[in-house]
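what's the 3D shape of this:
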Amino acid sequence: MIQAITFDFWQTLYADNTELIKQRENHRATYCQEFLSKYGYKFTFGKVKHAYQMAYELVAEAWQIHRGVPMEECILQFTKTLGINLTPFQAHQVKSITGNSTLLHPPPLAPFIKDLLPQLADKYQLGIISDTGMTAGTFLRDMLKNNEILDYFSVQTFSDETGFTKPDVVQYRTTLEKMGVNPSEALHIGDLVRTDITGAKNAGMYAIRFAGVTTEQENEDLANATISDYRQLENAIEKLMHSK
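Take a look at the predicted model:
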């Protein structure tokens, strides 16, 4: 019997797109350029944007070896690329500019998920297990709060805070330990087979792939089920339990 459901964040709870990503990138570069200019750093927009790209590449490379990168390390890479040293206050402001760009240009919730969460929360414990990229977990919690869904999730596990990324099983097992649930009683929902599905299965959980945003994946059959619409979820869980 399923006691808990954990969700991925990007392309699972939220449906991001390339246009919003570009808006965030431009926001970060514009406002960080203006902020740094107040302290005598006269960088071009292109130079600042390149420094952010180097920070992103650091995160992307670490993701390949399942290492979560704290935001402070991203900012350090950013300043290293620019060849500057920031005070703690300045570094904190750059972190805020970086995170707030996501809050100011947020992705929409996946269709039907907001209506479904109260129903799920009545039956299961809910959690989040997410890799964070360039937006720290603290800002992702703010996004959840802005959408009035944070309180549905008793545990939120973000890679920049734990130092691990999916599919490392520590992300799943530590989350379930906090929830007080055995892996065999838990289900993870995510869009990526390589991370979400593989990690959940290795941790001993059930796994459902959400294909409503990320439509094609290799090794699709590794998941216990695949849905493209959250209105299909409860039926998929019921079938999963009856097939045991």
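
Find the residue closest to residue 114 in space, skipping its chain neighbours.
residue 149 (6.3 Å; Cβ to Cβ, 6 or more residues apart in numbering). In short, each C-beta sits where N, CA and C put it, glycine included.

quick one, which residue of this protein lies the farthest from its center?
In the chain, the greatest distance from the average C-alpha position (Cα atoms, centre = their mean) is reached by residue 40, at 34.7 Å.

quick one, strands of this protein?
Along the chain, the stretches classed as strands by DSSP state E are 4-7, 125-130, 155-158, 186-190, 206-210, 225-227.

Now do the residue farthest from the centre of the chain against residue 209, distance only.
50 Å (Cβ to Cβ, to the nearest Å).

can you list the domains in this protein?
By the assignment in automatic domain parsing, the chain contains the domains 4-15+109-242, 18-104.

most tightly surrounded among the ones you listed?
domain 4-15+109-242 (a mean of 19; mean count of other Cβ atoms under 10 Å).

now it: mean pLDDT?
Mean pLDDT, domain 4-15+109-242: 96.

Begin at 13, not 1, for the rest of this chat.
Sure, I'll start numbering at 13, so the last one becomes domain 16-27+121-254.

rewinding a little: per-residue confidence for the residue farthest from the centre of the chain?
So residue 52 comes in at 96 (pLDDT).

could you measure it against residue 66, distance?
22 Å.

ditto for residue 53
16 Å.

Ok, residue 155 next?
25 Å.

How about residue 34?
Applying Cβ to Cβ to residue 34 and residue 66 gives a distance of 18 Å.
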